[in-house]
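Q: output the structure for:
(one chain, ligands or ions: 2)
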Amino acid sequence: MARQAVPALNKVSLEIPAGTMTALVGPSGSGKSTLLHLIAGLESVDSGELDVLGRSVHTCGQRELAALRLREIGFVYQDFSLLTDLTLAENARLPLEGAGMARKQAHEAACAAMARVGLAGLEERFPAEVSGGQQQRASIARAIVGERKLVLADEPTGSLDSRTGAEIMDILGGLRNDGVTVVLSTHNTANLAYADQIAELRDGALVSVSARTGSGVSG
Ligand SMILES: Nc1ncnc2c1ncn2[C@@H]1O[C@H](COP(=O)(O)OP(=O)(O)OP(=O)(O)O)[C@@H](O)[C@H]1O
Ligand SMILES: [Mg+2]
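A: Ligands and ions are numbered 1, 2, ... in the order given. Below you'll find the predicted structure:
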């Protein structure tokens, strides 16, 4: 019997306005991570069109995609994905060093990003020396370092208790309020209160998009 390719994503048409937070929801295997990877250029588009930050990713070459990813997009993972042998500041400056920035300048940008996520003073700590919430803050610092404007977060609160998860969502919401575009996947309904739009996937298809009003405003 011939094996048939089953697309991981199909019929997904979604516009994500700059400076907003979009939450991707849906059951396990529905395609949330796949969609984030496509936006990040970590997986390539087989068919259809995808524009990210004004560029047509579906026609981009690998080099251009890699440059886009390195310079303009930050990715936050559920398990933080910090390098354990590097300090938090060294982790946070990695994307800039990878893009060719001088170490001193990259370090200054990393410290600024760390201050922005409430980690001032912990620059020289190693991941194992801080809490899970602090590790996730460091991974967000790495995602925004150098003033990047698009943060993709795959289950950013999935490994955290609810209180720490809410702190991480407060940070992501604050970044959004500062003009950063945030796209996250989540199984946690408490996180949806932060989102401007909620996109629901099922079996690789987009089944609904709902806009929330008044999000991000807390009294
Ligand atoms: N590298 C891959 N090669 C082939 N199929 C894959 C690959 N990665 C994911 N898939 C398939 O694509 C579909 C979507 O998977 P994806 O990981 O995007 O789901 P998800 O919504 O993120 O799930 P979860 O909530 O468990 O993280 C699934 O059917 C999965 O088996
Ligand atoms: Mg996933």
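Q: going forward, measure contacts between C-alpha atoms and count neighbours the same way
A: Noted.
Q: how far does stretch 182-202 stretch from one end to the other?
A: By Cα to Cα, to the nearest Å, the extent of stretch 182-202 from end to end equals 21 Å.
Q: for the chain, what spans make up the strands?
A: Ranges of strands in the chain, per DSSP state E, are 21-25, 51-52, 55-56, 73-76, 150-154, 181-185, 197-202, 205-211.
Q: out of those strands, which is closest to R125?
A: strand 73-76 (19.4 Å; Cα to Cα).
Q: for the closest one, enumerate the helices and strands it packs against.
A: Packing partners of strand 73-76 (3 or more Cα pairs under 8 Å, 6 or more residues apart in numbering; DSSP states H and E): helix 132-144, strand 150-154.
Q: now do the last one against strand 21-25, angle only.
A: Orientation of strand 150-154 against strand 21-25 (axes from the mean of the first three to the mean of the last three Cα atoms, to 10 degrees) gives an angle of 20 degrees.
Q: so what strands line up beside strand 150-154?
A: Using DSSP bridges, the strands paired with strand 150-154 are strand 73-76 (parallel), strand 181-185 (parallel).
Q: still on that earlier bit, of the helices and strands packed on strand 73-76, which is nearest D51?
A: Using Cα to Cα and comparing the helices and strands packed on strand 73-76, the one that lies nearest D51 is strand 150-154, at 12.9 Å.
Q: distance from the chain centre to the closest one, please.
A: The chain centre lies 1 Å from the centre of strand 150-154; the measure is Cα atoms, centre = their mean, to the nearest Å.
Q: any bit of it sitting next to ligand 1?
A: No - remark: strand 150-154 sits outside contact range of ligand 1, by Cα under 6 Å from any ligand atom, the gap being at least 7.8 Å.
Q: from G121, how far off is the closest residue to V76 other than its chain neighbours?
A: Leaving aside its chain neighbours, V76 sits nearest to A153 (4.4 Å; criterion: Cα to Cα, 6 or more residues apart in numbering). Separation of A153 from G121 (Cα to Cα): 25 Å.
Q: just G174 next, same as before
A: 20 Å.
Q: ok, those two, which is more surrounded?
A: G174 (17 against 10; other Cα atoms under 10 Å).
Q: what score does the more buried one have for pLDDT?
A: Here, the pLDDT recorded for G174 equals 96.
Q: so how far is ligand 1 from it?
A: Remark: distance between G174 and ligand 1 (Cα to the nearest ligand atom, to the nearest Å) = 25 Å.
Q: again with G41
A: 14 Å.
Q: before we move on, what about S131?
A: Separation of S131 from ligand 1 (Cα to the nearest ligand atom): 23 Å.
Q: got it, and V130?
A: 26 Å.
Q: out of the helices and strands packed on strand 73-76, flag the one nearest R55.
A: Nearest of the helices and strands packed on strand 73-76 (Cα to Cα): strand 150-154, 13.2 Å.
Q: contacts only, for the closest residue to A66 other than its chain neighbours.
A: Nearest residue to A66, sequence neighbours excluded (Cα to Cα, 6+ apart): G41, at 7.4 Å. For G41, the contact set (Cα atoms under 8 Å, 6 or more residues apart in numbering) comprises 57, 65-66, 69.
Q: and the contacts of the longest helix belonging to the chain?
A: The longest helix of the chain (DSSP state H) is helix 162-177. Helix 162-177 is contacted by residues 19-21, 117, 133, 136-137, 156-158, 181-182, 191, 194, 216 when judged by Cα under 8 Å, 6+ apart.
Q: just checking, the residue nearest to V76 touches I144?
A: No - A153 lies out of contact with I144 (Cα atoms under 8 Å); the separation is 11.6 Å.
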